[in-house]
Structures are given as structure tokens and as C-alpha cells.
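Q: What shape does this take:
(2 chains)
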Amino acid sequence: GAGVSQTPSNKVTEKGKYVELRCDPISGHTALYWYRQSLGQGPEFLIYFQGTGAADDSGLPNDRFFAVRPEGSVSTLKIQRTERGDSAMYLCASSLTSGRTDTQYFGPGTRLTVL
Amino acid sequence: SQQGEEDPQALSIQEGENATMNCSYKTSINNLQWYRQNSGRGLVHLILIRSNEREKHSGRLRVTLDTSKKSSSLLITASRAADTASYFCAPSMRSSYKLIFGSGTRLLVRP
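A: Just a heads-up that it's a prediction; the model follows:
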């Protein structure tokens, strides 16, 4: 079946601009996660949704970052007033539930470059 | 601070040899997941081991978990050039379901 998909695969923007990154989870998965990965590092947690609600947004670096999941499926990560330090690979993952034994399946990522 | 810390940071072996990567973490976990990432691409899930399990196998992969030492290891047997990638362990914290990644082990398998 189809895996997690993310669009766009690459996004180049200018400092100060607004960007939206989209994630389509595996059909039927109720839990959705966003991570950010800088070059040479492991992914860092940003936010986790259970259904439509953000169950844990403790990883969002500041109030320029916001994510929504209005219908409990597709999610959008929104970044306002982008800065060069926001350049990274943004990864989305989904799992069937948020249970203790649930595997998180990752999408291919969106590489964001802020000039 | 990072929870999952892999050791070594880099490993270079000859094709056919075994590769062992270690991981340490700091708090109680639900499970621990291992992932592979090829350069510039997404994470591929390899194996999940639950907190009440001690060992798990999948093909050429063998994962162990020692919750008393807060450590795990990934063994790849009979390595192939295609195994060249970065490998990450990701503990799922008991207080949350988010995964906490370290910086990974970069494995190079020489043909």
C-alpha cells in the first residue's frame, strides 16, 4: 500500500517568507508526527497529533512554527518569517495508533532551503 | 538533550563481515526502534523491540535490549555493500510517544 507522502520534496524560499509543508499519512493511521533533521544529525521531534489535536507540541522551536491536522488525516506544517536557520529536512511519520508498540513510518521528507 | 546515542559514530567494514552498533538512552521507554537512512533520503524502519523483550531477529538483523543498562545493540550479519547507510536508534519515551534520535552510526561496507 501507499506509504507516507510529503510535498513538496524540495522547497527553496527567501528569508522572511512563509512556507507550508504537507504530509499525507498512511491511510487509517491516527497518529502523525513531524520531525526536523539538520545535516549530519538525527531527526528532532517537533509535534505529534493524535487525531485532529496536537497531543505534544513541545518540540516546536518558537511561535513561527505551527501545524494543523483539521480532519485527522493530512497535516500541514507552517513556518512564518522563515530564517536561514530553518533550513533542514522536515520529516513526517505516521503510526496506526499512539500505542506502546506502534511503529512510526516515515515519509521521504521535504528539504527546505532558506536563502 | 538527545536520548538515543549511537556508538560508534562511524564504522567501516569489509563486505561479508558483521557490523555491530550500540545505542544508549536515559529514561524509561515504551519500545526502541532502529532505522536506516541512505544519504539524503527518508528513514526506513528496520525493527522495533518492546521494553519487555530482550532480543529480536529479522533476516540478517539481530537487536538486543537491556533495560537495566538502558542500552541496545544492532547486529548486521554478512554485510553487503547495499547496507552502507546511517543507522539510528530511536527510543520511544514512556511519558510520550515521540522518538528521540541520536546522531547515528555511519556504516560503510567496502566491496
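Q: Every contact and neighbour count from this point should use C-alpha atoms.
A: Will do.
Q: B:Thr27: which element?
A: Counting by DSSP states H and E, there is no helix or strand that carries B:Thr27.
Q: Wait, it touches B:Met93, no?
A: Yes. Using CA atoms under 8 Å, B:Thr27 is in contact with B:Met93, at 7.0 Å.
Q: pLDDT score assigned to the most centrally placed residue in chain A?
A: The C-alpha lying nearest the average C-alpha coordinate of chain A belongs to A:Trp34 (CA atoms, centre = their mean; 3.2 Å). Looking at A:Trp34, its pLDDT stands at 97.
Q: In space, what's closest to it - neighbours in sequence excluded?
A: Leaving aside its sequence neighbours, A:Trp34 sits nearest to A:Cys92 (CA to CA, 6 or more residues apart in numbering or on different chains; 4.6 Å).
Q: Mind pulling up the pLDDT for that neighbour?
A: 97.
Q: just checking, it is part of a helix?
A: No. The assignment for A:Cys92, made by DSSP: H, G, I helix; E, B strand; the rest coil, is strand rather than a helix.
Q: And it, how far from A:Thr30?
A: Distance, A:Cys92 to A:Thr30, using CA to CA, to the nearest Å: 13 Å.
Q: Between those two, which is the more surrounded one?
A: More neighbours surround A:Cys92 than the other of A:Cys92 and A:Thr30, with 33 against 18 (other CA atoms under 10 Å in any protein chain shown).
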